[in-house]
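Student: Coordinates for the following, if possible.
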Amino acid sequence: MALKCIILQNNPDMEVRHAAVQDAVRKYLASDEVTVVYAENGKPSIEGFDGKKYISVTTTGDKMIVAINDSPIGIDGEYLPRYAERKTDYSMLAERFLSGEESEYVRAGSTVVDERERFLKIWTRKEAYVKCAGKTLADFPSFSGVEGDKFLSKLGSVTIRKFSIAFEGSEDYLFAIAGI
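Tutor: Take a look at the predicted model:
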């Protein structure tokens with residue numbers, strides 16, 4: 001099987017989200033024996049399936065995307081309109097959470113909107129990577145996903161790229177996937 005992405009409705013209630021993910025995974029794998037469990041750090045995994053499957057989940061806006069793959073996978077997304085009205089200093093956020101090279105990349109934006117877009121592109125890529133690699137957000141400053149003005153397509157052996165998923169309103173979302 002190749003990568004499978006399942007688009008679900010997001011819900012503020014964690015138990016409702018878990019039930020939706022569990023149901024979707026069971027349907028996709030055609031097994032009521034499958035269980036989605038979460039590690040202490042929140043990373044999901046699939047148990048009770050004859051074979052090895054990897055899972056990653058992102059929630060943003062009113063969407064929840066479940067990625068299932070034969071090898072480790074990480075997916076992250078951001079709902080862009082929620083950032084449009086914010087008066088956030090993205091250069092400051094970059095200094096706090098990103099590597100020095102990434103902070104420079106964000107600061108090189110010519111406008112506040114450009115800085116925001118640069119920050120979010122890095123953020124989604126890094127979060128997809130840490131989900132795939134089993135790292136945490138605390139690891140963000142320890143590695144860079146950019147080299148000058150270019151995004152790295154690999155960190156170690158993990159491929160990272162922008163990811164497009166077609167659904168109504170998808171143009172308002174930014175997604176990245178790691179591990180394919």
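Student: For stretch 164-178, measure first residue to last.
Tutor: 13 Å (C-alpha to C-alpha, to the nearest Å).
Student: what residues does it touch?
Tutor: Contact with stretch 164-178 is made by 3, 5, 7, 58, 60-61, 63, 65, 67, 73-81, 120-121, 124-125, 127-129, 131-133, 155, 158-163, as judged by C-beta atoms under 8 Å, 6 or more residues apart in numbering. (Each C-beta comes from the backbone N, C-alpha and C, glycine too.)
Student: now do stretch 101-108
Tutor: With C-beta under 8 Å, 6+ apart as the criterion, stretch 101-108 contacts 90-91, 94-95, 98, 115, 118-119, 122, 144-149.
Student: buried subset of the residues you listed?
Tutor: Buried subset of the contacts of stretch 101-108 (neighbour count, 16 or more other C-beta atoms under 10 Å): 90-91, 94-95, 98, 115, 118-119, 122, 144-146.
Student: Can you flag which of those belong to strands?
Tutor: Residues of the buried ones among the contacts of stretch 101-108 located in strands (DSSP state E): Val146.
Student: okay, the buried ones among the contacts of stretch 101-108 in CSV with distance to Glu47 next?
Tutor: Below are those laid out as CSV (distance: C-beta to C-beta, whole Å):
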residue, distance to Glu47
Tyr90, 39
Ser91, 43
Ala94, 38
Glu95, 40
Leu98, 34
Glu115, 42
Arg118, 39
Phe119, 36
Ile122, 33
Ser144, 35
Gly145, 31
Val146, 36
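Student: Please narrow the buried ones among the contacts of stretch 101-108 to those residing in helices.
Tutor: Within the buried ones among the contacts of stretch 101-108, residues falling in helices by DSSP state H are 90-91, 94-95, 115, 118-119, 122.
Student: Turn those residues into TSV, including distance to Tyr173 and pLDDT.
Tutor: Converted to TSV, those look like this (distance: C-beta to C-beta, whole Å; pLDDT from 0 to 100):
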residue	distance to Tyr173	pLDDT
Tyr90	18	94
Ser91	24	93
Ala94	21	95
Glu95	26	94
Glu115	19	94
Arg118	17	96
Phe119	16	96
Ile122	16	96
